[in-house]
Every structure is written in C-alpha cells, then in structure tokens.
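Let's see this in three dimensions:
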Amino acid sequence: MRISPILLDWYKQNKRDLPWRNTQDAYAIWVSEIILQQTRVAQGMDYYHRFIKAFPTVSHLANATETAILRLWQGLGYYSRARNMHKAAQQVMRLYNGEFPTHYPTLLMLPGIGPYTAAAIASFSSNAPIAAIDGNVYRVLSRLFGIDTPIDSTAGKKLFAQLAQEQLDKQQAATYNQAIMDFGALQCTPTAPLCDTCPFLEQCEAARTHQTAPLPVKEKRTKQRIRHFWYMDIWANGNTYLQQRTAKDIWQGLYEPYLIEGDYDETSICQHPFIQQINATIIGISPAYKHVLSHQTIIAHFVRLAVTTDHAFPDGLVKINGTEIENYPVPQLIVRYRQLNKQ
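Below you'll find the model as predicted:
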C-alpha cells in the first residue's frame, strides 16, 4: 500500500498554518523543532515567537548568556534542550561561520540533535529525501499497517525506519513529512482518532481489526522516582536569596531557594541545623506542591524564613532584591509558589 497520494490530498485540505512552515531558514526550523520536543504546538507557539524575536539569528543565540536563554525558556521544561541549543549555536558559529547546516550527517553532530530532528531540518529546509519519524509517524504507520512490534525496541525502530523511508514521497519529502505529522496530530490522534472520517478507513489494518487503541505498542515503562524538596524561602529587608543549580540533575542552570532534600516532616525540618546556623525565624511552612516530571515526582514544601543578617549564609546564595526576582530563571514549581503567594 502506498499512502502518499491519499495523505498529500488530505494535507491540502487540512494542513495547519504554522509560522515555521513559511520558511526554509534552517535556523528557524531548528528552533521550532527543539521547542516542540515534548511540547504541544499550542504551548510552543508563543515560545517560538519570543525566541525568534530575542535571538533572530544563530549569532544572537550564540552570543547570549545561558541565564538569558533559560529565562526565556522558563516554563517549557526539559531545560537541557535550551542548554544544548546554546552549545549548538556556538558550534555553528565556530565551525560553519554562522551558516546553519542542512546536511543530515552534519546536523547529527550538533548537540541536542538526534535522527528525527536532523531529518526534519534537512527535509523542511532543503527537501532532503529523508523520513522524519516522530510519535505521530509511529502511530500512523503502526495503525495503518497493523504493526504491534514495540516502537521503542531495537527491532521496532529498524522496522519503522525502513517502512517510513519506503513510504516517503521523495520528490515532495518536506510536504510528505509535514503531512504525516499533521495527520497524526489531527486525524489519527492518540485517543479518540477520527476513524469515521479517515480517508484510509478501508485500508487501515487497525480499524479493520479494532486495534486502534493499543497501537502503537511500547515495551518500556518509565519508573517514577519520588523526591522530597524543602525550600528555605529566606527574606530580609525586602531581599531574598537564591542559589543556582549546577549539578547534572533536573533544572541545571536555574535558580531556586536554598534546598534541603530528604524525607522530613514539618517538625524535623524546623529542627534542621541550617535554620539554626543562619539564626532564622520560621514564619510558616507551605502546603505540599506536587510537580510531575517524566522520570520523577517532586513533593516540595517552602519554609518561609526571616533573618536579620546574612553573615552566616553558606557560599553560593545570591542576595536578590525582591523586585528583581523576575530576572532570574527558576523552575515552574517555584513560579507556582510565587503566584499563589504573590511574590
């Protein structure tokens, strides 16, 4: 079965008008693809416009500070994407004289770019005949052809890569890749696919066998780790104190209040030596804030502290005037706390 004629006809009638589709600029396409990793289009749209406005060229991005980039990225999550973008932009300036590459093997050498992203950039910018395989493509192909091989297995990745390349319309690679992604996003959705109006209804193996729900198949299940964060929300004379996360962990490069991690309760955390060390007065303890990430769940409390002096503070805490907090990139968990407490 060749799906491209029907798919491209569907696309003419249903394609989404997205700003990064109105350009062949590899840099702009790259920005959109990185933002849309693990992010819905509706959420990513505003970030894309703000990012392109702040960093209109790869040179602007390369010369920016990591803090400025993370501040603009705040709320999108998966902050390693932003850090890798910064590294990649600097590499493009250093190795390619600021000309963002469009050659698939070259793209794969840039930080943060894997097979899908490289294929998408190469295809959309220069019509390179390379199939771009994202979650939408896996879902469409697995259902149309009734494939139950797990998409996250070695065999599955090889099988779908071969099938996707076979189905690709090599003369219209960019349009085809965009079409199958839109088809998965709009028609062959993860839940409640629009089978009744699907142009492939008679050819679709999953529809014929009533197997749309279980396809595609994944064999690996992410194990969730639970972590308990106790943030020391310190204030003195209108100033607060933040530290930057430097370890290779979640939110690297972002700022946060002093953190004590561990399975404490309110009684034991109030007796923690840190509070005694800085001679702080406990004003209150927040309810628990739950923040779910892909591999872990954070249960956070904020301990509001008042101090009269900062001479006993550990190294790494930065004094920040309360009116300047917005200049510092922080995890979305802390944004929620501030909003609820009007900070």
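
residue boundaries of the helices in the stretch 151-300 of the chain?
Secondary structure of the stretch 151-300 of the chain by DSSP state H, counting those that start in this stretch: the helices cover 154-167, 173-186, 205-209, 266-270, 273-277.

Tell me which of those is the most buried.
Most buried of the helices of the stretch 151-300 of the chain, by mean neighbour count (mean count of other Cβ atoms under 10 Å): helix 173-186, with a mean of 22. The way it works is simple: take the backbone N, C-alpha and C, and place the C-beta from them, glycine included.

Against which helices or strands is that one packed?
With contacts defined as 3 or more Cβ pairs under 8 Å, 6 or more residues apart in numbering; DSSP states H and E, the packing partners of helix 173-186 are helix 4-14, helix 115-126, helix 135-144.

Just the C-alpha atoms of the longest one, please, in PDB.
Extracted as PDB, the C-alpha positions of helix 115-126 are listed here (Å, rounded to 0.1, in the frame of the first residue of the first chain):
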ATOM      1  CA  PRO A 115      17.900  11.400  14.000                       C
ATOM      2  CA  TYR A 116      14.300  12.800  14.000                       C
ATOM      3  CA  THR A 117      15.400  16.500  14.400                       C
ATOM      4  CA  ALA A 118      18.200  16.200  11.800                       C
ATOM      5  CA  ALA A 119      15.800  14.600   9.300                       C
ATOM      6  CA  ALA A 120      13.100  17.300   9.900                       C
ATOM      7  CA  ILE A 121      15.600  20.200   9.500                       C
ATOM      8  CA  ALA A 122      17.200  18.600   6.400                       C
ATOM      9  CA  SER A 123      13.800  17.800   4.900                       C
ATOM     10  CA  PHE A 124      12.000  21.100   5.600                       C
ATOM     11  CA  SER A 125      14.900  23.400   4.700                       C
ATOM     12  CA  SER A 126      16.200  21.600   1.500                       C
END
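
Would you check that Ser125 makes contact with Arg21?
No - counting by Cβ atoms under 8 Å, Arg21 is not a contact partner of Ser125; they are 11.4 Å apart.

Can I take it that Gly98 is in a strand?
No - per DSSP: H, G, I helix; E, B strand; the rest coil, Gly98 lies outside any strand segment and is coil.

wait, what's in contact with it?
Gly98 is in contact with Thr57, Val58, Ser59, Ala62, Val92, counting by Cβ atoms under 8 Å, 6 or more residues apart in numbering.

Of those residues, keep whichever come out buried.
Among those, those scoring as buried are Thr57, Val58, Ala62, Val92 (criterion: 16 or more other Cβ atoms under 10 Å).

Of the contacts of Gly98, just say which sits nearest to Ala300.
Of all the contacts of Gly98, Ala300 sits closest to Ala62, with 34.3 Å by Cβ to Cβ.

what does whatever helix or strand Leu61 lives in contact?
Leu61 belongs to helix 58-63 when elements are defined using DSSP states H and E. With contacts defined as Cβ under 8 Å, 6+ apart, helix 58-63 is touched by Tyr27, Ala54, Phe55, Ile69, Met85, His86, Ala89, Gln90, Val92, Met93, Gly98, Phe100.

what does stretch 132-139 give?
Against stretch 132-139 from outside (Cβ under 8 Å, 6+ apart): 115-116, 119-120, 123, 131, 151, 160-161, 164, 177, 180-185, 188, 190, 215-216.

what's the average pLDDT for it?
Average pLDDT, stretch 132-139: 97.

same deal with stretch 81-98?
97.

what comes up buried for it?
Applying 16+ other Cβ under 10 Å to stretch 81-98 flags Arg81, Ala82, Arg83, Met85, His86, Ala88, Ala89, Gln90, Gln91, Val92, Met93 as buried.

Against which helices or strands is the helix or strand Phe302 falls within packed?
Taking DSSP H and E as the criterion, Phe302 maps to strand 296-306. When contacts are defined as 3+ Cβ pairs under 8 Å, 6+ apart, strand 296-306 packs onto strand 225-236, helix 266-270, strand 281-285, strand 289-292, helix 332-341.

burial count for the residue lying closest to Cys204 once chain neighbours are set aside?
Residue nearest to Cys204 in three dimensions, not counting chain neighbours: Leu144, with 5.3 Å by Cβ to Cβ, 6 or more residues apart in numbering. Leu144 sits with 24 neighbouring residues when counted by other Cβ atoms under 10 Å.

where does Leu144 land on pLDDT?
pLDDT at Leu144 comes out at 98.

likewise the one 3 residues further on?
At Ile147, the model reports a pLDDT of 97.

quick one: it is in a helix?
No - assigned with three-state DSSP, Ile147 falls outside any helix and is coil.

wait, what's in contact with it?
Counting by Cβ under 8 Å, 6+ apart, Ile147 touches Leu141, Leu159, Phe160, Leu163, Leu215, Pro216.

and which of those is nearest Lys12?
Leu141 (20.8 Å).

Go ahead and confirm that closest one touches Gln162.
No - counting by Cβ under 8 Å, Leu141 does not reach Gln162; the two are 10.6 Å apart.

follow-up on the earlier one: mind checking which of the buried residues of stretch 81-98 are in helices?
Secondary structure defined by DSSP state H assigns Arg81, Ala82, Arg83, Met85, His86, Ala88, Ala89, Gln90, Gln91, Val92, Met93 of the buried residues of stretch 81-98 to helices.

among the helices and strands packed on helix 173-186, which is nearest Ile226?
Per Cβ to Cβ, nearest to Ile226 of these: helix 135-144, 26.5 Å.
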